[in-house]
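Chemist: Any chance you could fold what I've pasted below:
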Amino acid sequence: MEPMHYPQNPILIVDDESFVVDSITIALATAGITNTIGCPDPRTVASILAEKPVELMILDLTMPYLTGTEILESSVKNYPHIPVIIVTSTGELDTVVRCMKMGASDYLLKPVEKSLLIATVKNCIRMKELERENRLLSERVVGGLQRPEFFNTIITESERMRALFKYIESIGPSGQPVLITGETGVGKELVARAVHTASGRTGQLIAVNVAGLDDMMFSDTLFGHRKGAYTGADTARTGLIKEAAGGTLFLDEIGDITQQSQVKLLRLLQEREYYPLGSDMPLRSDARIIAATNKNIEKAQESGEFRKDLYYRFAAHRIHVPPLRERHEDIPALVDHFMKKAADELGKKKPTYPAELIPLLKVYHFPGNVRELEMMIHDAVSRHESHVISLEYFKQRIIPDTTDSDVTHEPAAAAAAVEISGDHFPSLNEMEKIMIAKAMERSSNNQGVAARLLGITRTTLNSKLKSLRTPPDNTDAPKKISL
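Modeler: Okay, here's the model as predicted:
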């Protein structure tokens with residue numbers, strides 16, 4: 001039986017010095033990372049990438065025939081899914097910045113601490129494995145749907161969203177009203193369209209935002225009016241309910257309509273009939289009503305702001321769309337989708353993004369949810385001028401610039417979240433360790449993101465992490481390998 005290799009696809013080690021390739025290979029093998037390909041000739045990199053699926057590339061910069069920056073540029077352009085870790089003795093700041101802007105995942109200086117090399121490689125492998133697991137999970141969940149094409153417009157890899165899809169399939173044929181709740185920007189209208197599609201109704205979906213409409217405008221918009229119903233009504237108007245015959249009427253921001261309008265909507269739901277303005281003859285409606293709101297509708301009906309009887313009419317079918325911060329697994333797919341969409345709209349080539357972007361986005365609260373992410377991506381794509389989108393733009397949008405002495409509110413929030421119980425009151429050193437651990441956890445062990453959460457520089461955080469890892473006895477200190 002052939003020995004098992006890890007990871008699934010080989011790691012390509014590119015360095016013109018064979019002893020360096022051997023040193024890296026041996027160092028990784030001690031951590032169980034045995035699936036590697038050594039490449040001392042940079043001219044063969046292109047053929048290897050074309051022939052084999054590669055997990056990631058470890059790349060030197062200073063080599064004969066082809067420089068590492070040339071290989072990096074070609075790899076990012078042709079194989080953007082392959083992370084590239086630069087391992088080189090060239091430590092000039094301009095070179096580091098240029099490589100990161102070109103799309104390198106990380107940059108390590110020779111001689112590299114063995115544990116740091118292994119940790120960096122393992123982090124890249126873990127990210128690739130998570131991507132594969134998400135794809136497989138998505139395929140399995142979608143496989144449980146009878147008509148997955150109903151939900152093609154909703155980009156998600158979230159189990160919670162897939163569960164909603166199954167529920168939507170089950171209530172699709174029902175003619176009962178549906179209430180969709182969720183924060184601004186989560187995609188309530190997309191969900192409403194999915195419900196309409198799943199219903200199989202032959203009529204169209206008519207959407208209207210009813211926020212800010214007084215009772216007169218609400219009635220005229222939905223029910224229409226007869227000629228002469230009021231001053232200026234020179235011609236009759238067919239309301240949106242009539243236009244939605246045989247289909248669906250989607251009322252967005254239903255929590256903002258007046259009490260008088262709520263009474264009229266209740267009659268429509270109960271009796272399936274309505275009165276156009278200026279008419280005393282009711283008309284029948286077969287349109288299904290879907291309503292959406294970003295308000296806490298339970299509290300609104302308890303306070304009397306929203307009628308209880310109307311609330312109970314919507315209680316049959318309820319769909320709550322979770323906010324983006326509760327489905328971080330959707331962020332990579334959404335970023336990819338919105339980048340392509342923005343590039344197409346702007347007539348640009350779709351850019352790639354640095355590996356640090358996803359962990360950075362995952363620590364952001366996203367008050368505007370998916371809509372905010374889309375606008376953020378569109379603005380970033382419109383500004384970018386290279387193959388790789390700027391990470392600095394997102395840092396400025398998400399976390400304000402900080403220095404070691406300029407600490408943001410985030411560390412204080414982290415400290416406040418720590419429970420202090422019993423007789424022991426933690427020291428400042430203990431609190432520092434707790435805050436560093438929490439920042440590393442929230443940032444998926446990305447030091448750049450964690451440093452910004454803590455309000456310190458990456459160099460300072462790296463120094464603190466080293467001091468936490470260094471044992472008292474130097475005989476057990478991490479050994480360095482000469483690369």
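
Chemist: need the contact list for Gln8.
Modeler: Contacts for Gln8 (C-beta atoms under 8 Å, 6 or more residues apart in numbering) come out as Asn35, Glu55, Glu129, Arg132. Bear in mind the C-beta positions are built from the backbone N, C-alpha and C, glycine included.

Chemist: does the closest residue to the second one other than its chain neighbours count as helix, strand or coil?
Modeler: Yep, that's Glu55 we're talking about. Sequence neighbours aside, Asn9 is the residue nearest to Glu55 in space, at 4.0 Å (criterion: C-beta to C-beta, 6 or more residues apart in numbering). Taking DSSP: H, G, I helix; E, B strand; the rest coil as the rule, one finds Asn9 in the coil state.

Chemist: how far away is Asn9 from Asp286?
Modeler: For Asn9, the distance to Asp286 (C-beta to C-beta, to the nearest Å) stands at 56 Å.

Chemist: Name the residue in these two with the higher neighbour count.
Modeler: Each of Asn9 and Asp286 has its neighbours counted (other C-beta atoms under 10 Å); Asn9 has more, 16 against 13.

Chemist: so which helix or strand takes in Asn22?
Modeler: Actually, residue 22 is Asp rather than Asn. Using DSSP states H and E, Asp22 falls within helix 18-29.

Chemist: pLDDT of the helix or strand immediately after that helix in the chain, averaged?
Modeler: Next in sequence after helix 18-29, counting helices and strands by DSSP H and E, comes strand 36-39. Over the span of strand 36-39, the pLDDT mean works out to 96.

Chemist: Now do the same contact list for the nearest residue to Arg201 once chain neighbours are set aside.
Modeler: The shortest distance from Arg201 to any residue other than its chain neighbours is 5.0 Å, reached at Gly247 (C-beta to C-beta, 6+ apart). When contacts are counted by C-beta under 8 Å, 6+ apart, Gly247 is found next to His196, Arg201, Thr202, Gly203, Gln204, Leu205, Ile206, Ala287, Arg288.

Chemist: what's the answer for Val178, then?
Modeler: Counted by C-beta under 8 Å, 6+ apart, Val178 has contacts Ile171, Ala192, Val195, Arg288, Ile289, Ile290, Ala291, Phe314, His317, Arg318, Ile319.

Chemist: Just to check, the first one is in contact with His317?
Modeler: Yes: counting by C-beta atoms under 8 Å, a contact exists between Ile171 and His317, whose distance comes to 4.9 Å.

Chemist: sorry, back to before: buried ones in the helix holding Asp22, by neighbour count?
Modeler: Neighbour-count burial for helix 18-29 flags Val20, Val21, Ser23, Ile24, Thr25, Ala27, Leu28 (criterion: 16 or more other C-beta atoms under 10 Å).

Chemist: Please name every helix or strand in contact with that helix.
Modeler: Here helix 18-29 touches strand 11-14, strand 36-39, helix 114-143, strand 480-481, going by 3 or more C-beta pairs under 8 Å, 6 or more residues apart in numbering; DSSP states H and E.

Chemist: show me where pLDDT drops low in the protein?
Modeler: Scanning the chain for pLDDT under 70 picks out the ranges 1-4, 133-144, 399-426, 444, 469-483.

Chemist: domains for it, by residue range?
Modeler: Split into domains by automatic domain parsing, the chain comes to 11-136, 159-321, 327-398, 399-483.

Chemist: Dump those to JSON lines, plus distance to Leu145.
Modeler: As requested, these are arranged in JSON lines below (distance: least, C-beta to C-beta, whole Å):
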{"stretch": "domain 11-136", "distance to Leu145": "16"}
{"stretch": "domain 159-321", "distance to Leu145": "6"}
{"stretch": "domain 327-398", "distance to Leu145": "17"}
{"stretch": "domain 399-483", "distance to Leu145": "30"}
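
Chemist: What separation do you get for the closest residue to Ser199 other than its chain neighbours and Lys166?
Modeler: Nearest non-adjacent residue to Ser199, counting by C-beta to C-beta, 6+ apart: Gly172, 4.8 Å away. Note on Gly172: its distance to Lys166, by C-beta to C-beta, is 11 Å.
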